[in-house]
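Chemist: Pasting the sequence and the predicted model now:
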Amino acid sequence: MSEKAAALEALRHEAETALAPLLTPDQTQIVFGEGNPDAPLMLVGEAPGPQEDREGRPFVGKSGQLLEQVLTELGLDRSRDVWVSNVVKVWPTRRHGRSLRTRPPNAAERRASWPFFEREVRIIQPKVLLLIGGTAAKTILGRNTLRMRDVRGTWLDTPFGIPALVTYHPSYILRMQGMRPEEATQLLTQFRNDVRTAAERAGVLNADVTNAGERDDC
Ligand code: URA
């Protein structure tokens, strides 16, 4: 096991112990990041959902499937080319009758998860961060508000000294597919181009893929 992998494993165990008080009987486990610890590109989402909570892995539900589809289209492999994580390590839930719904993470969940996320980034030291969705962007940039249409597709400085590109959350694209399919197609094109732009800057795309496909969001 490499030094980075060992450090991440130790951090995962530490997070599991420290964040255990956030778990109620509704959640199964803490969900830590995964992928290649040496990857130059780190993908950062908001928080695990129900599927992630069950499997203990980030981005394995519907949003994760869309993300993986885009990575594959670009010739990227999630276990080889990227590290995938979330700013919050526990599934944020609310009760709705007898079922559980996902809600945006609250301040306590963000605050408790932050030291572990911060250390995760510092161990991996990626060249580029792709911030997936408004919550990841606000948490990392330390902002209370942020308009996605102002920041999506733009490069921002982060407290880590690592450049970050902000993009849509796949769950937003999936929601749009059910409501306004044409708009969803456009969002998906922009999302794909953002992943490509981040991967290019990180140096994980080969030239064939870099030149392939449309770029009609400009
Ligand atoms: N949404 C996220 O932001 N992260 C996940 O891991 C899954 C869904």
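Modeler: Received it, and whenever you're ready, just let me know what you need.
Chemist: and Glu68, what element?
Modeler: Using DSSP states H and E, the element containing Glu68 is helix 62-73.
Chemist: need the residues of this structure near the ligand, please.
Modeler: Gly45, Glu46, Ala47, Pro48, Gly49, Glu52, Pro58, Phe59, Gly61, Ser63, Gly64, Asn86 (CB under 6 Å from any ligand atom). Quick note: C-beta positions are derived from backbone N, CA and C, even for glycine.
Chemist: Tell me, how many residues neighbour the closest residue to the second one other than its chain neighbours?
Modeler: In other words, Glu46. Closest residue to Glu46 apart from its sequence neighbours, by CB to CB, 6 or more residues apart in numbering: Thr135 at 4.0 Å. Thr135 has 22 neighbours, counted by other CB atoms under 10 Å.
Chemist: do Gln65 as well
Modeler: Residues near Gln65, counting by other CB under 10 Å, number 14.
Chemist: same thing with the one 10 residues further on?
Modeler: For Gly75, the tally of surrounding residues (other CB under 10 Å) stands at 16.
Chemist: List the beta-bridge partners for the residue in the chain that the ligand sits nearest to.
Modeler: For the chain, the residue closest to the ligand is Gly45, as judged by CB to the nearest ligand atom, at 2.8 Å. Listed by DSSP bridges, the beta-bridge partners for Gly45 are Asn86.
Chemist: Now stretch 71-78: buried residues?
Modeler: Buried residues in stretch 71-78, counting neighbours by 16 or more other CB atoms under 10 Å, are found at Leu71, Leu74, Gly75, Leu76, Arg78.
Chemist: Relative to the whole chain's centre, how far out is the longest helix belonging to the chain?
Modeler: In the chain, with assignment by DSSP state H, the single longest helix is helix 181-202. Its chain's C-alpha centre and that of helix 181-202 lie 14 Å apart, by CA atoms, centre = their mean, to the nearest Å.
Chemist: List of residues touching that helix?
Modeler: Helix 181-202 is contacted from outside by 39-41, 66, 70-71, 73-74, 76, 81, 126-130, 152-153, 163, 165-168, 170, 172-174, 176-177, 205, 209-210, 213-217, using CB atoms under 8 Å, 6 or more residues apart in numbering.
Chemist: Alpha carbons only: can I get it in PDB?
Modeler: Output of helix 181-202 as PDB, limited to C-alpha atoms (Å, rounded to 0.1, in the frame of the first residue of the first chain):
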ATOM      1  CA  PRO A 181     -35.900  17.500 -21.400                       C
ATOM      2  CA  GLU A 182     -34.500  20.000 -23.800                       C
ATOM      3  CA  GLU A 183     -32.900  22.000 -21.000                       C
ATOM      4  CA  ALA A 184     -31.600  18.800 -19.500                       C
ATOM      5  CA  THR A 185     -29.800  17.900 -22.700                       C
ATOM      6  CA  GLN A 186     -28.100  21.300 -22.700                       C
ATOM      7  CA  LEU A 187     -27.200  20.900 -19.000                       C
ATOM      8  CA  LEU A 188     -25.700  17.500 -19.700                       C
ATOM      9  CA  THR A 189     -23.600  18.900 -22.500                       C
ATOM     10  CA  GLN A 190     -22.300  21.600 -20.200                       C
ATOM     11  CA  PHE A 191     -21.600  19.100 -17.400                       C
ATOM     12  CA  ARG A 192     -19.700  16.900 -19.900                       C
ATOM     13  CA  ASN A 193     -17.700  19.800 -21.100                       C
ATOM     14  CA  ASP A 194     -16.900  20.900 -17.500                       C
ATOM     15  CA  VAL A 195     -15.700  17.400 -16.600                       C
ATOM     16  CA  ARG A 196     -13.600  17.400 -19.800                       C
ATOM     17  CA  THR A 197     -12.100  20.900 -19.000                       C
ATOM     18  CA  ALA A 198     -11.200  19.800 -15.500                       C
ATOM     19  CA  ALA A 199      -9.700  16.600 -16.700                       C
ATOM     20  CA  GLU A 200      -7.700  18.400 -19.400                       C
ATOM     21  CA  ARG A 201      -6.200  20.800 -16.900                       C
ATOM     22  CA  ALA A 202      -5.400  17.900 -14.500                       C
END
